[in-house]
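Chemist: Predicted model and sequence follow; I will ask about them next.
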Amino acid sequence: MKPQVKLLALAIVLSAALCGAATAQLANATAEAEVRAAIVAFNQAYEKNQLDQYFSYYGADASLVFYFERTSVEDYKKMWHQLIADGGGVEKNLISDLQVVVDSSGDTAFATYFLEVDTRQPDGKVNKEQANETDVWFKTADGWRLVHLNYSAQPME
């Protein structure tokens, strides 16, 4: 093979590799933006006590851990519907320090963030908490779905 042909072949291979890397970076940046938007909408629905919208983000078989206790989506949903029916609800849900990492396949994302949450109990008492949340999201045919959530909190003084 002539040197010019070898050089041209090398240039084509390098261009294709760089193009592929750039495409993957763009796909992950798009996925990250989609996950960030989903997390914001998910938390806004929670703050507004829009339970149907809030629970629409969960995968049906998501694993949930609240205060070091595992629960199912169905049990968690029942608890929230009962709290709202009894006059309770979220009054504040403020997100900060949102970090999102998308895996190289572009269909799995890990997110961590801090929350300040005020929850009104049916008796009128308001619980104020600072929390750390870690989420795992999968991209599905229906969009991004939350498949794991770990929420750990402590009362605010």
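Modeler: Looks like it arrived, so ask away.

Chemist: For Leu98, grab the count of nearby residues.
Modeler: Counted with other C-beta atoms under 10 Å, the neighbours of Leu98 add up to 15. Using the backbone N, CA and C atoms, a C-beta is placed for each residue, glycine as well.

Chemist: now Tyr57
Modeler: Every residue meeting other C-beta under 10 Å relative to Tyr57 is counted, giving 21.

Chemist: ok, the residue nearest to it when sequence neighbours are not counted - contacts?
Modeler: Taking C-beta to C-beta, 6 or more residues apart in numbering as the measure, Tyr57 lies nearest to Phe42, with 4.5 Å between them; neighbours along the chain are not counted. For Phe42, the residues meeting the contact criterion (C-beta atoms under 8 Å, 6 or more residues apart in numbering) are Tyr54, Tyr57, Leu146.

Chemist: Quick check: bridge partners of the last one?
Modeler: Going by DSSP bridges, Leu146 is paired in beta bridges with Tyr58, Trp137.

Chemist: Assess the claim that it and Ser56 are in contact.
Modeler: No: in this structure, Leu146 sits apart from Ser56 without contact. The criterion is C-beta atoms under 8 Å, and the distance is 10.0 Å.

Chemist: Looking at these two, which has the bigger crowd around it?
Modeler: The neighbour count for Leu146 versus Ser56, taken as other C-beta under 10 Å, is higher for Leu146 (22 against 15).

Chemist: Run through the residues that contact the more buried one.
Modeler: When contacts are counted by C-beta under 8 Å, 6+ apart, Leu146 touches Phe42, Tyr57, Tyr58, Gly59, Ala62, Asp135, Val136, Trp137.

Chemist: among those residues, who's most crowded?
Modeler: Trp137 (27 neighbours).

Chemist: and that one, what does it touch?
Modeler: Val35, Ala38, Ile39, Thr108, Ala109, Phe110, Ala111, Trp144, Arg145, Leu146, Val147 are the contacts of Trp137 under C-beta under 8 Å, 6+ apart.

Chemist: from those residues, which ones fall inside strands?
Modeler: Secondary structure assignment by DSSP state E places Thr108, Ala109, Phe110, Ala111, Trp144, Arg145, Leu146, Val147 of the contacts of Trp137 in strands.

Chemist: what about the helices in this protein?
Modeler: When assigned using DSSP state H, the helices of the chain occupy the ranges 3-47, 51-55, 73-85.

Chemist: Contacts made by the second one with the rest, please.
Modeler: Taking C-beta under 8 Å, 6+ apart as the criterion, the residues outside helix 51-55 that touch it are Ala41, Phe42, Ala45, Tyr46, Val73, Lys77, Trp80, His81, Ile84.
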